[in-house]
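**Q** quick one, structure for this:
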Amino acid sequence: MFNIKIADLVIGIENKYEYVRWLCREYVTDMEETDFSVSVTETEIRKEQENSQADGGRKYSLGYCESICLYRNICLRLIDYDAFLMHAVALELDGEAYLFAAKSGVGKTTHARLWLQEFGERACVINGDKPVCRFLEGKLYACGTPWCGKENLGTNAMAPVKAICFLERSADNRICRMGEQEVIGRIFHQMLMPREEAALDRFLGMVDRMIGTVDCFFLQCNTQSTAARVAYEGMKTKRESKETEG
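**A** Modelled structure (predicted):
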């Protein structure tokens, strides 16, 4: 067992396979008092392995499957601490975080690389696939975790969320602000929702807070460097501005 610190929480990890400790190496802490601990059974690990193969995927190692099960359990426990998982790329620019969500294959990682190319050392990737979002002192923060996608893009950092952006491929670049109902129609596809009633109520309350406090945008973009600039400039605009193109 070892402890990690993510989203300003100390979490105990009761692991069976060394891969998990290796994966979490940048987040290991010497702090002994934990907020909570997680573990999974051998049966759960092997079921995860079987499910990945059943979906037409490769046969992942038991250590990797354990890491997936542990992260799922962590994220469900996070709800008790005003935190949740979001399937998105979390970028930081000038101390503020921008979350980019889309269906698999649309190009979240490609768009993230455009930001790194366009803004250089001003930008970094907090998490390239599944960041944790947590409310702290009334603000929503995007937080790095060891689970950051197959490209392994991420860093042990956290930053207040400036905006959330939903991506769609297009020949041209344009961005517009989304209304609350538009956001609701898309956001739940990108989140891990609990099944237990009390946890679900708390989770839905956090989603409501997020929509009410964080600006959300819809970005149609190509893979040219100007897409990053259009996105950034669009998300800086005031609420009365409707659309930015480029």
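**Q** which stretches in the chain count as helices?
**A** 18-23, 42-54, 62-78, 108-119, 180-187, 197-213, 226-236 (DSSP state H).
**Q** pLDDT weak spots in this structure?
**A** Along the chain, the parts satisfying pLDDT under 70 run over 55-57, 237-246.
**Q** re earlier: out of the helices of the chain, which gets nearest to Ala171?
**A** Ranking the helices of the chain by proximity to Ala171 (C-beta to C-beta) places helix 226-236 first, at 11.1 Å. In this view, the C-beta of every residue, glycine as well, is placed from N, C-alpha and C.
**Q** tell me what that closest one is packed against?
**A** Under the contact criterion of 3 or more C-beta pairs under 8 Å, 6 or more residues apart in numbering; DSSP states H and E, helix 226-236 touches strand 96-101, helix 108-119, strand 158-169, strand 174-177, strand 215-221, strand 243-245.
**Q** determine the number of other residues adjacent to Glu182.
**A** Close neighbours of Glu182, defined as other C-beta atoms under 10 Å, add up to 14.
**Q** is it in contact with Phe218, as I believe?
**A** Yes. Between Glu182 and Phe218 there is a contact at 7.2 Å, judged by C-beta atoms under 8 Å.
**Q** for beta bridges, what are the partners of Met86?
**A** Met191 (DSSP bridges).
**Q** circling back: now the helices and strands packed on helix 226-236 in JSON lines, with distance to Tyr64 and mean neighbour count?
**A** Converted to JSON lines, these look like this (distance: least, C-beta to C-beta, whole Å; neighbours: other C-beta atoms under 10 Å):
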{"stretch": "strand 96-101", "distance to Tyr64": "24", "mean neighbour count": "23"}
{"stretch": "helix 108-119", "distance to Tyr64": "20", "mean neighbour count": "19"}
{"stretch": "strand 158-169", "distance to Tyr64": "25", "mean neighbour count": "21"}
{"stretch": "strand 174-177", "distance to Tyr64": "36", "mean neighbour count": "20"}
{"stretch": "strand 215-221", "distance to Tyr64": "32", "mean neighbour count": "21"}
{"stretch": "strand 243-245", "distance to Tyr64": "41", "mean neighbour count": "15"}
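**Q** can you put these in TSV and add distance to Asp82?
**A** Formatted as TSV, the helices and strands packed on helix 226-236 follow (distance: least, C-beta to C-beta, whole Å):
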stretch	distance to Asp82
strand 96-101	16
helix 108-119	25
strand 158-169	13
strand 174-177	25
strand 215-221	19
strand 243-245	32
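**Q** and Lys47, how far is that from Glu66?
**A** 11 Å (C-beta to C-beta, to the nearest Å).
**Q** among the two, which residue is more densely surrounded?
**A** Glu66 (27 against 14).
**Q** ok, now which ones touch that one?
**A** Glu66 sits next to 15-17, 19-20, 40, 45, 48 when contact means C-beta atoms under 8 Å, 6 or more residues apart in numbering.
**Q** ok, now with 7 Å
**A** 15-17, 20, 40, 45 (C-beta atoms under 7 Å, 6 or more residues apart in numbering).
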